[in-house]
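Novice: Give me a 3D structure for the following:
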Amino acid sequence: MIENISSKDNKTLKLIRQLKKKNGRTDNRKFIAEGIKMVREALVYVPQDLCCVVASNELFAKEPGLIKSCDAACGRVYLVPEFVFDELSDTDTPQGVLAVINWKDKQFNAGEGERRIVILDGISEPGNMGTIIRTAEAIGYDGIYLMKGCTDIYAPKTVRSTMGSIFRMNFKGGCTASDIDELKELGFTVIATTPSGDIALEEYKSPEKCAIIIGNEAHGVSHEVMEKSDAGVKITMDGMAESLNAAVAAGIVMHWINLK
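Specialist: Numbering: from 1, shown residues only. Next comes the predicted model:
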């Protein structure tokens, strides 16, 4: 059913405001996917998890087919004035539609069939997290292990930055050093990406099963996690810059390892 909402105090709108904060997402077990592309991706890949959709009246006039598809999928679509939607939005230029999605714990554990894993150690910037998730899926990695201290993968900016990969990628959250040990028992070679690495990336011969560690934007790979690595690789840089953005570095390393 498509309903109109005019009051800012509506319980659905209150829920959306809560979901913009991490504790709100955790308490309600829901997150927001905002934007036309993200809502379309949700309709394709997680229609069963759609809780509701909120759209501006202006967006409904432009994209009636999208809104009707959302209604067919979840039966709960709410139309609001543009100024109300703008208040709900987490972007500077709102597109006028967002979906509230039920968050399900689907913990991924690498098995015998997986060959490529990304281990994120303290990635704190949501945009970097989302870009790494998107890149890992594009290159064909099997899953992402999230060490304690990483930013929330369901933060609005992270979700938008994945451009839909959040719905398809495999994750294991709250990982510790013991999870890295388990990967090694499965035959994974664990390599850390670090400016102090002994091996240049272009000289590294990738093993059959490889897990790549990407460290915190400011501090790099933590000492505890570095101790679990089998090798440290560095990206050769000829310019004056001292380091690369974490998401850029991750993309370079993931692509190079996958070529080997």
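Novice: Just say helix, strand or coil for Asp238.
Specialist: Secondary structure, DSSP: H, G, I helix; E, B strand; the rest coil: Asp238 is coil.
Novice: Tell me how many other residues crowd it.
Specialist: Residues near Asp238, counting by other Cβ atoms under 10 Å, number 5. Backbone N, C-alpha and C define where each C-beta goes, glycine included.
Novice: gap between it and Glu137?
Specialist: Distance, Asp238 to Glu137, by Cβ to Cβ, to the nearest Å: 30 Å.
Novice: Make sure Tyr45 is actually in contact with Thr162.
Specialist: No: in this structure Tyr45 lies outside contact range of Thr162 using Cβ atoms under 8 Å: 11.5 Å.
Novice: which one of these two has more residues nearby?
Specialist: Ranked by neighbour count (other Cβ under 10 Å), Tyr45 and Thr162 place Thr162 first, with 25 against 14.
Novice: I'd say that one and Gly127 touch.
Specialist: No: between Thr162 and Gly127 there is no contact under Cβ under 8 Å: 10.3 Å.
Novice: So what touches the helix or strand bottoming out on mean pLDDT in the chain?
Specialist: Sorting the helices and strands of the chain by mean pLDDT, DSSP states H and E puts strand 199-200 at the bottom, at a mean of 85. By Cβ atoms under 8 Å, 6 or more residues apart in numbering, the residues outside strand 199-200 that reach it are Ala231, Gly232, Val233, Lys234, Thr236.
Novice: repeat that for 10 Å
Specialist: By Cβ atoms under 10 Å, 6 or more residues apart in numbering, the residues outside strand 199-200 that reach it are Ile191, Lys205, Ala231, Gly232, Val233, Lys234, Ile235, Thr236.
Novice: Describe which strands the helix or strand just after it pairs with in its sheet and in which direction.
Specialist: The first helix or strand that comes after strand 199-200 along the chain, using DSSP states H and E, is strand 210-215. The partner list of strand 210-215 in its sheet, established with DSSP bridges, is strand 116-121 (parallel), strand 189-193 (parallel).
Novice: Please dump those into a markdown table; it should also carry mean neighbour count for every row.
Specialist: Below are those laid out as a markdown table (neighbours: other Cβ atoms under 10 Å):
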| stretch | mean neighbour count |
| --- | --- |
| strand 116-121 | 25 |
| strand 189-193 | 23 |
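Novice: Please name whichever of the ones you listed is nearest to Tyr78.
Specialist: Proximity to Tyr78, assessed across those by Cβ to Cβ, is greatest for strand 116-121 (34.9 Å).
Novice: gap between that closest one and the chain center?
Specialist: The chain centroid and the centroid of strand 116-121 are separated by 13 Å, computed with Cα atoms, centre = their mean, to the nearest Å.
Novice: I'd like the mean pLDDT over it, please.
Specialist: When pLDDT is averaged along strand 116-121, the result is 96.
Novice: got the angle between the helix or strand that that strand is followed by and strand 116-121?
Specialist: Beyond strand 116-121 in the direction of the C-terminus, DSSP H and E gives the next helix or strand as helix 126-139. For helix 126-139 against strand 116-121, the angle between stretch directions is 170 degrees (axes from the mean of the first three to the mean of the last three Cα atoms, to 10 degrees).
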